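> all I have is the shape, not the residue letters:
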Ligand SMILES: O=C(CO)[C@@H](O)[C@H](O)COP(=O)(O)O
């Protein structure tokens, strides 16, 4: 099992000063930053695009874990790779050529992630498990921070972890949405190793203690 990684979501940071929010993450001793890209179609919200990611790249050495919540992610993977993404995750729900898009992400020098929404069965991503570096199981319906964790996703996480073990695959298993110390522990028990936390990280009274607690899971 991979060691736990905490990836704070900059969606919950200060959007007038994202560089300072990234600096808070680095100062906590963390290495990953989760960046949520929303198109107003796949999800009912807008966030920011490759220009913002490129600007932030100049100010931060963190590992950029970029989550594309887009209807047509294949049209934008190159822009986000050029902007400085280290890992690009694409959703399984819209219709496009998933295998070709994952191959393109790799060709662009980034790690590849595949994402499924809470209502999407695990079987939807099964054909792609050997082609990804990370599977992201959303534990809220994507679009907004600050929502409640969906415990009904836990069996699906355990199923994906079981397939990972059976096939001796090495991808990371990430969760995102409503993550705090309690829900992270539940996810860890189900097989998760990578934890996205927006609200709970940026609002934590002691972020270092929060990060240490995740590291101990
Ligand atoms: O992708 C998303 C929301 O669509 C998440 O990354 C949220 O930003 C997580 O926020 P919290 O639930 O931790 O506040």
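The structure has been received and is ready for your questions. Just so it is clear, the model here is predicted, and its values are computed rather than measured.

> buried residues, the helix ranked longest in the chain. List them.
Determined from DSSP state H, the single longest helix within the chain is helix 154-166. Neighbour counts over helix 154-166 (16 or more other C-beta atoms under 10 Å) mark 154, 156, 157, 158, 159, 160, 161, 164 as buried. C-beta here means a position set from N, CA and C on the backbone, and glycine is covered the same way.

> so the last one touches residue 192, yeah?
Going back to what we said before, that points to residue 164. No - applying C-beta atoms under 8 Å, one finds residue 164 not in contact with residue 192, separated by 11.1 Å.

> is the ligand contacted by stretch 8-16?
Yes - using C-beta under 6 Å from any ligand atom, stretch 8-16 reaches the ligand at 9, 11, 12.

> contacting residues around the residue lying closest to residue 121 once chain neighbours are set aside?
Distances taken as C-beta to C-beta, 6 or more residues apart in numbering put residue 156 closest to residue 121, at 7.4 Å, once the chain neighbours are dropped. When the contact criterion is C-beta atoms under 8 Å, 6 or more residues apart in numbering, the partners of residue 156 are 116, 121, 122, 137.

> got a pLDDT number for residue 1?
Note on residue 1: pLDDT of 85.

> mind checking how far it is from the ligand?
To the ligand, residue 1 is 23 Å away according to C-beta to the nearest ligand atom, to the nearest Å.

> same check, this time on residue 78
Here residue 78 is placed at a distance of 22 Å from the ligand (C-beta to the nearest ligand atom).

> okay, and the common contacts of residue 164 and residue 192?
Counting by C-beta under 8 Å, 6+ apart, the residues touching both residue 164 and residue 192 are residue 173.
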